[in-house]
Each structure stands twice: as C-alpha cells, then as structure tokens.
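J.: mind folding the following:
(one chain, ligands or ions: 2)
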Amino acid sequence: MLYLPHLPFQLLPSEDRFLTADVAGGNRKNVSFDPTRGALGGNKPGPDTAELAAMLNRFGTQARQLLCGLIPRYAPHLERARTSFRPVEVKGREQTPRHDDRLLHVDAFPTRPMHGKRILRVFSNVSPDNSPREWRVAGDFAGYARRFLPRIRNPLPGTAALQAAFGLTKGKRSAYDSLMLGLHDQGKFDTDWQHTTDQVTVHFPSGTTWMCFTDSVLHAAMAGRCALEQTFHIPIAAMAHPELSPLHQLENLTNRALV
Ligand code: SIN
Ligand code: FE
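T.: Ligands and ions are numbered 1, 2, ... in the order given. Model prediction:
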C-alpha cells in the first residue's frame, strides 16, 4: 500500500457543497462517474449534476497523472475505469455481510469479469470535518486463498455463458473470476477469521491520498465519510512481479489454468 500523507485533492471552493451525504440519491452510498460515457450515476438528480461530474472527472484525471509520474511503467497500460465519490459515513450503515465492506475482503466485481487483470485503486480523503478514513488491512493473500479455496463451490457448467447471455455480467466470467468472488464472500462469512487474522488498523486523515491493488491487499473500510476513489485496470504483463498477481498465485495453488 502506498500512502501519500501530504497529497490532498484540491477541491474548488464551489465544490464544498458536495461534501454531504445528501448528494447520494435514495439509499445509495456512492456516486459514480463513468469516464467512457461521461455519465454520473447514484447521485440525487438536480441542477448540480454537471459540476459534480466535473469534480469526479478531475479527480480521475489527476489520479492518472499521479500514477504515470510515480510508476511510469504502468502508464501505457492503465485502463481508467469508474471514479467514485463516497460521501456517506461508513460507520453504522446496515448491510448484508456480502455487501459489507467493513469486513476484510479482496475486491471482485460480480458484474465485471477481470480475467486476471489487476485492480489498482487510488483514494483521497476529502472529509470537511477532519474525520479520518479508517481501514483494517491484511497482507497475506496466499494464506487467505489457501484457507478459503476449499470452501468455494464450482459454478454449474454453463453458468458463466448464461450470465453473460442474459447481461448479468459484462462478458463471460472465467474460473479466476468465480474463485475471486468466492474468496470475497467466504472471507466475509468467516466471523472468527475476520477478528483473528493478522491485521493492522490504518487511519487516513483528511487531506491524504493512498493506493493499493485491492484485488490482493485485504482491506475493510471501518469509518469515514467523503472519500474519492479512482479504479484502474492493469494487465498482468505490465507488472514488475507478475508472480505476485492473484491469478498466478491462484493458478499455483489450484494447479490449473484459470483464464
Ligand atoms: C472498499 O473498497 O472495500 C471500500 C474502501 C473505502 O470506501 O474506503
Ligand atoms: Fe473493497
């Protein structure tokens, strides 16, 4: 995990008004911006939509510049996915275990198969009241995989093709995607392990930025409000150490090709 304690995301004075849970519509927790379509989602509809979209887009652009400067070898391979704004206080939110990101997990998206590509996320805390974003973090992906792989049931043959055909997933899930979703769920369901596995609590104060591969770094967001986040997808071939990718680690553990 890379932590940049002196790198705030600069809000424009007129953007201070967005730092409230009210910008999220209904019971949504995040506002998201899709850079390929230039479209905002999850927000409460209103006259501010374009300005809110511009704030998220600016964060995404700056996150890309930051990465290109810090890790130039990724620059030609960075695929910018969604930007999100997370205005709602994390603590005290009601959620089913599978959706509760206060439980340690690696990221795996039910609707968007990754086929082994990495998920790199850049976060900035822009909270107006200095509330830190509090995470629990654990690093042992191999130990996590070894513990939970035996609990994952194989999907029935043909499931992935059907899910794709009915538009439930964007493209067909690979065996890798099924295993990552299985790890995500099984880890969240294991209450004992959640408390006993080696972990540290980290506070990211307002005005700081941090990033990690959220598909291999176990994380749980325990508290905080008003964070911005940009997701990037990166092919394994662009990595300095492809052997550390979850795909290669899972292929070693299962002894088979997963994509
Ligand atoms: C997560 O990716 O699990 C949540 C991170 C956050 O919102 O701080
Ligand atoms: Fe996550």
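
J.: so what's Thr231 closest to, chain neighbours aside?
T.: In space, and not counting its chain neighbours, Thr231 is closest to Ala81: 4.2 Å by Cβ to Cβ, 6 or more residues apart in numbering. From N, CA and C alone the C-beta is placed, and that goes for glycine too.

J.: number of nearby residues for that neighbour?
T.: Counted with other Cβ atoms under 10 Å, residues neighbouring Ala81 total 20.

J.: and the helix or strand hosting it, which residues are buried?
T.: Secondary structure from DSSP states H and E places Ala81 in strand 79-86. Judged by neighbour count using 16 or more other Cβ atoms under 10 Å, the buried positions of strand 79-86 are 80-86.

J.: check which helix or strand covers Phe123.
T.: strand 118-125.

J.: tell me the strands beside that strand, with direction?
T.: When pairing is defined by DSSP bridges, strand 118-125 lines up against strand 209-213 (antiparallel), strand 227-234 (antiparallel).

J.: next up, the contacts around Met240.
T.: Small correction: residue 240 is Ala, not Met. Applying Cβ atoms under 8 Å, 6 or more residues apart in numbering, we find Ala240 in contact with Arg73.

J.: and the pLDDT for it?
T.: On pLDDT, Ala240 comes in at 93.

J.: now swap in the one 5 residues further on and tell me
T.: In the predicted model, Ser245 carries a pLDDT score of 98.

J.: number of nearby residues for it?
T.: Counted with other Cβ under 10 Å, residues neighbouring Ser245 total 23.

J.: send the alpha carbons of the strand holding Phe123 over as CSV?
T.: The C-alpha trace of strand 118-125 is given here as CSV (Å, rounded to 0.1, in the frame of the first residue of the first chain):
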residue,chain,number,x,y,z
ARG,A,118,-5.3,-6.2,-11.7
ILE,A,119,-7.5,-3.7,-9.8
LEU,A,120,-5.5,-0.7,-8.6
ARG,A,121,-7.4,1.9,-6.7
VAL,A,122,-6.4,5.5,-5.7
PHE,A,123,-8.2,7.1,-2.8
SER,A,124,-8.2,10.6,-1.3
ASN,A,125,-10.0,11.6,1.9
